[in-house]
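J.: Based on what follows, work out the 3D shape:
(chains A and B)
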Amino acid sequence: EAGVTQFPSHSVIEKGQTVTLRCDPISGHDNLYWYRRVMGKEIKFLLHFVKESKQDESGMPNNRFLAERTGGTYSTLKVQPAELEDSGVYFCASSQDLKHLSYNEQFFGPGTRLTVL
Amino acid sequence: KNEVEQSPQNLTAQEGEFITINCSYSVGISALHWLQQHPGGGIVSLFMLSSGKKKHGRLIATINIQEKHSSLHITASHPRDSAVYICAVSNGMEYGNKLVFGAGTILRVKS
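T.: Numbers count the residues shown, from 1 in each chain, chains lettered A, B, ... in the order given. Presented below is the predicted three-dimensional model:
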């Protein structure tokens, strides 16, 4: 079974440009999470999809960030326009929707390292 | 103050030593997660626990719900254990199982 994949692995862009990150979750996983680690800080939650619906986007830093999950499969995270402070590693994770459990394991992608110059 | 605190931030050990990494949290949780990230690698889930103790090979994770504290132990440490170990908590009932992370512990095991 394929794991969570992310594309690209690295992206270097200039301030003001647009970047789109993609995440392909494990097939059949309804839950998809985006997280971000900026330099020197802990990983922080950005948002959570259940299928194609945004369940929680309380961690999105501002309206320059737009996440979509069309059809409930892969997800994209667009940053437009990018700023210097957006640099960091963006992780995606997915999990099954196990309604009989109050917790379930998340499987992480390898991350996308974004550098904004 | 972060909701999840880990200690130590950095740890250097000699091969064969017994290692303990600690994690304290200040929020209600459904589960506590221990994650591992090797240099240049992705994040891998080691344990997910809500009570008691779990063991996998040389790794042992314990949690004390009353004290809001967890420990990750590595017995007979090996250089391949060198990685960042991250504690995270989730609360499925209220927060959709999103993870709240500690800052991580950078472990280096020397041969």
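
J.: Show me what the spatially most central residue of chain A is bridged to.
T.: Central residue of chain A (CA atoms, centre = their mean): A:W34, 2.9 Å from the mean position. Beta-bridge partners of A:W34, counted by DSSP bridges, are A:L47, A:C92.

J.: Surely it is in contact with A:K44?
T.: No - applying CB atoms under 8 Å as the test, A:W34 and A:K44 come out as separate, 10.0 Å apart. C-beta: built from backbone N, CA, C; applies to glycine.

J.: If we ignore the residues flanking it in sequence, what's nearest B:E17?
T.: In space, and not counting its chain neighbours, B:E17 is closest to B:S77: 5.2 Å by CB to CB, 6 or more residues apart in numbering or on different chains.

J.: Now do the same for that neighbour: its pLDDT.
T.: pLDDT recorded at B:S77 is 97.

J.: Repeat that for A:L77.
T.: Looking at A:L77, its pLDDT is 98.

J.: Distance of it relative to A:G28?
T.: 21 Å (CB to CB, to the nearest Å).

J.: just A:K78 next, same as before
T.: Distance from A:K78 to A:G28, by CB to CB: 25 Å.

J.: just A:Q55 next, same as before
T.: A:Q55 is 17 Å from A:G28, where distance means CB to CB.

J.: Of those two, which one has the most company?
T.: A:Q55 (18 against 9; other CB atoms under 10 Å in any protein chain shown).

J.: Contact partners for that one?
T.: Each residue near A:Q55 by CB atoms under 8 Å, 6 or more residues apart in numbering or on different chains is listed here: A:47-49, B:96.

J.: let's see it at 7 Å
T.: A:48-49, B:96 (CB atoms under 7 Å, 6 or more residues apart in numbering or on different chains).

J.: how deep is the nearest residue to B:C23 once chain neighbours are set aside tucked in, by neighbour count?
T.: Leaving aside its sequence neighbours, B:C23 sits nearest to B:C87 (CB to CB, 6+ apart; 3.5 Å). The local packing of B:C87 (other CB under 10 Å) involves 30 other residues.

J.: Okay, now the sheet partners of whichever helix or strand A:T76 is part of, with direction.
T.: Here A:T76 sits within strand A:75-79, counting by DSSP states H and E. Applying DSSP bridges to the sheet, strand A:75-79 is found paired with strand A:19-24 (antiparallel), strand A:65-68 (antiparallel).

J.: so which of these is the most packed in?
T.: Mean neighbour count (mean count of other CB atoms under 10 Å in any protein chain shown) peaks for strand A:19-24 among those, with a mean of 19.
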